[in-house]
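Asker: Got a sequence here, can you build the structure:
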Amino acid sequence: QVPLVESGGGSVQTGGSLTLSCAASGRTSSTYVMGWFRQVPGKERELVAVISGTGSSRYGGSMEGRSTITRHNGKHTVTLQMNSLRPEDTGVYYCVARQTNTIMNAARFYDSWGQGTQVTVSS
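Answerer: The predicted structure follows:
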């Protein structure tokens, strides 16, 4: 496991944008898959986007086409640019990581979780 520190959540209006950042601290390397899941009210935790150390990425259906995940290996950081936000995107967004080069969709696969950052989109 690796400590993860998230930043960048907040409140925006419909159609707005937000950028979330997550930094992995401690003994890390590029052989970590890192990314984001979210918990929206009334739904199970779901994949937003993840990216491997080699730059391969996968997006969940909920925000595909409206988000971009970027990896900054030298800083062990990932950022998630979210655009065209909708009220249904409101929820808690969690940074995740696992020491592997294999990308997986399931939340249970990731053994490191951040504390979560709130994203609120108002209509």
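Asker: quick one: the one residue sitting closest to the centre of the chain from residue 96, how far?
Answerer: Closest residue to the average C-alpha location of the chain: residue 36 at 1.9 Å, with C-alpha atoms, centre = their mean. From residue 36 across to residue 96, the span is 7 Å (C-beta to C-beta, to the nearest Å). Yep, even glycine has a C-beta here, placed from its N, CA and C like the rest.
Asker: Surely the residue nearest to the centre of the chain is in a strand?
Answerer: Yes. The secondary structure assignment for residue 36 places it in a strand, going by DSSP: H, G, I helix; E, B strand; the rest coil.
Asker: doesn't residue 48 make contact with it?
Answerer: Yes. With contact taken as C-beta atoms under 8 Å, residue 36 and residue 48 are classed as touching, separated by 4.1 Å.
Asker: Now the common contact residues for these two.
Answerer: Where contact means C-beta atoms under 8 Å, 6 or more residues apart in numbering, the residues bridging residue 36 and residue 48 through contact with each are 80, 93.
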